[in-house]
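Asks: what would the 3D arrangement of this be:
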Amino acid sequence: METRPPLISRLVKIQQEEGYISQVHAAELARDYHMDVGRLYTLISFFDGFRTCPPGRHKIDVCCGTACYEKGAELIYERLVDELELAPYQDTTPDGEVTVEQVYCVGACSQAPLVVIDGDVRSRMKSHQVPVVVRKLRQP
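Replies: The predicted structure follows:
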């Protein structure tokens, strides 16, 4: 009898290696696990950590944990969405340059609000700083 790794483990590995679960990977997994692709997408969409579209070249995570939220994280997130002209439920700019996501607790609450830009933690961020951040990311 064939032994397969758990489906979630395979999804995590693909996400780590590719940055998202492509339609090709989804079709292969559905075939390997003898399930309908729609059912697989239901599973993928259940978990916030899985993406079905490629992430942008730059990644911005806005911490929306309690401390950050209380200190204005929602305003920072909204300003990023406005500055990047993201449509509702869209997290990556159409040009594929920037992905913005809300995350829940970066773990440095004393420095709230926090924004992580390409792995660089920015503490005590203010919404009025967002245009400068976006401008720097957009520079060639």
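Asks: in what helix or strand does residue 59 lie?
Replies: Secondary structure from DSSP states H and E places residue 59 in strand 58-63.
Asks: what comes up buried for the following helix or strand past that strand?
Replies: As assigned by DSSP H and E, the chain's next helix or strand after strand 58-63 is helix 66-70. Within helix 66-70, the residues that count as buried by 16 or more other Cβ atoms under 10 Å are 67-69. Every C-beta, even on glycine, is put in place using the N, C-alpha and C of the backbone.
Asks: so the one residue sitting closest to the centre of the chain is in which element?
Replies: Geometric centre of the chain, nearest residue: residue 101, 4.5 Å, by Cα atoms, centre = their mean. Assessed by DSSP H and E, residue 101 sits inside strand 98-103.
Asks: what about that strand, distance to the chain center?
Replies: Put simply, strand 98-103 sits 5 Å off its chain's centre (Cα atoms, centre = their mean, to the nearest Å).
Asks: after it comes which helix or strand?
Replies: strand 115-117.
Asks: what lines up beside that following strand in the sheet?
Replies: Looking at strand 115-117 with DSSP bridges, its partner strands are strand 58-63 (antiparallel), strand 120-122 (antiparallel).
Asks: show me the contact partners of the last one.
Replies: By Cβ atoms under 8 Å, 6 or more residues apart in numbering, the surrounding residues in contact with strand 120-122 are 106, 108, 111, 114-116, 133.
Asks: next SSE downstream of it?
Replies: Next element after strand 120-122 (DSSP H and E): helix 130-138.
Asks: list the residue ranges of this structure that fall below the pLDDT cut-off.
Replies: Within the chain, the ranges that satisfy pLDDT under 70 run 1-2.
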